[in-house]
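Visitor: sequence and predicted structure below; questions after.
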Amino acid sequence: MAYNSLEFLFVFLPILLIAYQKTKQKYRWIVLLLANYIFFFSWSKALVLYQIAGVIMTYYFGRELTGIGKAPENMDKKVFHTKKHHVLVLGVLCNLALLVALKYGSSIIDNISLLFSGTDTIIKILVPIGISYYTLQNISYLVDISSKKIKACDNIFKLALYSSFFVTILEGPITRYGEIEADLTAGHDITPDHFVQGIERMTWGVFQKMVIADHLNVAVNVLFRSYTQYGSLCLLAAILCTIQLYMDFAGTIDIAIGTAKVFNITVAENFRQPFFAKNASDFWHRWHITLGTFLRDYVFYPISLSKPIQHMTQKLRKSHHRLLARYLGPSIALLAVWLANGFWHGPHWIYVVYGLYYFVFMIIEMLWEKPFEKWCNGHHLPVNGWIIRTFRFLKLSLIVVIGEMVFRALETSTAVTMVRSIFTNFHIADLVKYFPKLGISNNYWIILSACFAIVIVKDVLKEKKFPMREKFENLPKYLRWGLYYGLIFAIIFFGAYGSGYDAVAMMYAGF
């Protein structure tokens with residue numbers, strides 16, 4: 001029951017909306033909780049028990065952290081804080097152990113078998129949907145209790161509501177308990193304004209997902225299957241798979257956020273026009289924002305501010321290694337972030353390579369930022385002028401599309417072959433020759449281009465902070481409804497569904 005499926009949009013969601021609105025306000029959170037597990041069961045069947053086990057563990061450790069409270073007067077504060085730290089670490093490790101066993105167990109067994117016997121195993125561990133997302137939420141919940149940002153939930157069913165929220169369970173956004181708990185349990189009325197805004201956002205998300213991303217899936221599959229030796233086609237594959245991933249993920253997130261908005265629940269944004277970023281680091285502040293902020297708050301800061309790193313930095317400063325003192329600690333923390341990012345995506349070594357790829361570019365950018373600005377000033381080039389902005393856009397676009405090609409390749413050998421082909425076997429004639437064989441008609445390439453241009457125009461206006469909603473709401477009614485119907489008809493006529501498209505899944509739901 002994907003977010004863009006007929007079952008979700010025209011059966012599950014309408015029934016839930018009616019049941020939710022007809023229920024007394026104080027019991028509406030129970031309706032959402034039941035809906036969460038019906039939705040979860042439709043994807044994972046009995047594997048939902050693993051998610052329930054995670055909730056029980058997290059609830060227990062959360063209550064333990066709360067019960068520890070303040071240090072008694074007769075207890076040494078160091079001993080007290082050590083005890084509290086051990087409870088937190090054990091709670092985090094239990095959640096991670098469940099994630100590793102289920103998501104990476106098959107891969108670990110396969111690698112051990114290959115190492116000692118030279119053969120693959122046939123053991124495959126079934127993984128519940130959304131485990132990467134709700135595990136991070138459980139971890140953030142425990143850490144935030146330990147740091148006294150939030151109080152532990154005193155109702156295990158309300159914690160289950162947060163951990164299993166059907167809107168965020170498949171692809172995020174990765175929410176924080178303190179940000180969403182009040183909205184989830186308040187039982188807000190479904191108001192006309194929030195309903196309309198939610199439906200608008202959902203429709204826009206379906207447009208991106210079904211009209212652009214799902215149709216591109218045909219060409220992307222052909223390119224990665226059959227044309228990895230041709231440089232021009234590999235570059236095309238890199239560009240198309242980047243557009244596909246962006247439209248699929250951003251579209252699905254729009255559907256999720258729009259669904260939450262219908263219930264008057266605010267969910268964190270997950271994209272902010274990433275291709276307007278000035279460098280790779282800024283790109284990741286704009287793409288999958290909630291994963292980036294999780295890794296920043298719960299991996300980067302704890303490591304960079306840890307006693308060993310601080311001690312190392314002080315020793316380097318005393319020995320006059322100022323450059324190392326400035327960059328080594330953050331670099332170690334950043335390496336941990338990108339290794340975690342790679343492993344989070346799944347049990348394939350290519351994801352680790354993908355993480356290290358961005359780590360290298362971020363280190364290069366960090367080291368060259370000041371010298372580059374100095375060079376620009378010396379040559380009288382404004383750092384924010386159009387020449388430098390254009391250069392940064394082209395540089396970032398190349399970094400991102402090559403990175404997404406590596407990400408999509410799945411096999412390291414395929415990624416190496418495609419990168420090598422781009423730089424050693426690039427011929428435009430190959431692109432002209434094989435382009436008609438990619439499975440998409442010329443007419444639909446035109447339609448795809450026009451639809452993607454609409455998305456670009458919207459993103460440009462949003463980046464420039466153009467008040468689109470205010471302007472839209474002030475349009476004459478016939479124009480406003482004309483745009484509504486135009487978007488709906490575009491989905492009906494050009495959407496990828498039916499025979500040949502049934503297998504197009506939400507790409508990030510697998511992580």
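Guide: Arrived safely, thanks for sending.
Visitor: just the strands in the stretch 301-450 of the chain please.
Guide: In the stretch 301-450 of the chain, no segments count as strands under DSSP state E, counting those that start in this stretch.
Visitor: what about the helix or strand where Val31 lies, distance to the chain center?
Guide: Secondary structure from DSSP states H and E places Val31 in helix 28-44. Using CA atoms, centre = their mean, to the nearest Å, the mean C-alpha position of helix 28-44 is found 22 Å from that of the whole chain.
Visitor: same question, stretch 297-314
Guide: 25 Å.
Visitor: hmm, who's touching the helix holding Val31?
Guide: Residues from elsewhere that reach helix 28-44 (CB atoms under 8 Å, 6 or more residues apart in numbering): 1, 12, 16, 19-20, 23, 48, 51, 128-130, 157-158, 160-161, 164-166, 169-170, 184-187, 263. Heads up, the C-betas are built off the backbone N, CA and C, glycines and all.
Visitor: which among the residues you listed end up buried?
Guide: 1, 12, 16, 20, 48, 51, 128-130, 158, 160-161, 164-166, 169-170, 184-185, 187, 263 (16 or more other CB atoms under 10 Å).
Visitor: for Tyr3, which non-adjacent residue is spatially closest?
Guide: Ile255 (4.4 Å; CB to CB, 6 or more residues apart in numbering).
Visitor: could you measure from that neighbour over to Phe207?
Guide: Ile255 sits 10 Å away from Phe207, going by CB to CB, to the nearest Å.
Visitor: compare these two (neighbour count), which wins?
Guide: Higher neighbour count among Ile255 and Phe207: Ile255, with 28 against 24, using other CB atoms under 10 Å.
Visitor: list the residues that contact Tyr133.
Guide: 168-172, 174.
Visitor: what's the distance between it and Phe343?
Guide: According to CB to CB, Tyr133 and Phe343 sit 15 Å apart.
Visitor: again with Gly292
Guide: Distance from Gly292 to Phe343, by CB to CB: 15 Å.
Visitor: what residues go with each domain of the chain?
Guide: Domain ranges of the chain: 6-189, 190-267+427-502, 273-411, per automatic domain parsing.
Visitor: rebuild the ones you listed as TSV, extending it with mean pLDDT and distance to Arg420.
Guide: Listed next are the domains of the chain as TSV, based on pLDDT from 0 to 100; distance: least, CB to CB, whole Å:
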stretch	mean pLDDT	distance to Arg420
domain 6-189	87	26
domain 190-267+427-502	88	8
domain 273-411	88	12
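Visitor: ok so, going back, state the helix or strand in which the residue nearest to Tyr3 lies.
Guide: Judged by DSSP H and E, Ile255 forms part of helix 231-262.
Visitor: from the chain's centre, how far out does that helix sit?
Guide: So, by CA atoms, centre = their mean, the centroid of helix 231-262 is 11 Å from its chain's centroid.
Visitor: what of stretch 398-418?
Guide: From the chain centre to the centre of stretch 398-418 is a distance of 19 Å (CA atoms, centre = their mean).
Visitor: neighbouring contacts of that stretch?
Guide: Against stretch 398-418 from outside (CB under 8 Å, 6+ apart): 220, 224, 228-229, 234-235, 237-239, 241-242, 245, 275, 280, 283, 345, 348-351, 353-354, 357-358, 361, 419, 422.
Visitor: check stretch 189-201 too.
Guide: Residues contacting stretch 189-201 (CB under 8 Å, 6+ apart): 17, 20-21, 25, 254-255, 257-264, 484.
Visitor: now the helices for the stretch 151-300 of the chain?
Guide: 156-163, 177-186, 192-206, 214-226, 231-262, 280-286, 289-295 (DSSP state H, counting those that start in this stretch).
Visitor: hmm, back to that, between the contacts of Tyr133, which sits nearest Arg326?
Guide: Ile174 (30.6 Å; CB to CB).
Visitor: returning to what we had before: possible to save the helices of the stretch 151-300 of the chain as a markdown table with distance to Ala35?
Guide: Below are those laid out as a markdown table (distance: least, CB to CB, whole Å):
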| stretch | distance to Ala35 |
| --- | --- |
| helix 156-163 | 10 |
| helix 177-186 | 12 |
| helix 192-206 | 16 |
| helix 214-226 | 26 |
| helix 231-262 | 11 |
| helix 280-286 | 31 |
| helix 289-295 | 22 |
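Visitor: and of those, who's closest to Met366?
Guide: helix 280-286 (7.6 Å).
Visitor: please point out which parts of that closest one sit buried.
Guide: Within helix 280-286, the residues scored as buried using 16+ other CB under 10 Å are 280-284, 286.
Visitor: repeat for stretch 60-67
Guide: In terms of neighbour count (16+ other CB under 10 Å), stretch 60-67 has its buried residues at 61-65.
Visitor: just stretch 437-452 next, same as before
Guide: Buried residues in stretch 437-452 (16+ other CB under 10 Å): 438, 440, 447-448, 451-452.
Visitor: now stretch 294-302
Guide: Across stretch 294-302, burial judged by 16+ other CB under 10 Å covers 294-295, 298-300.
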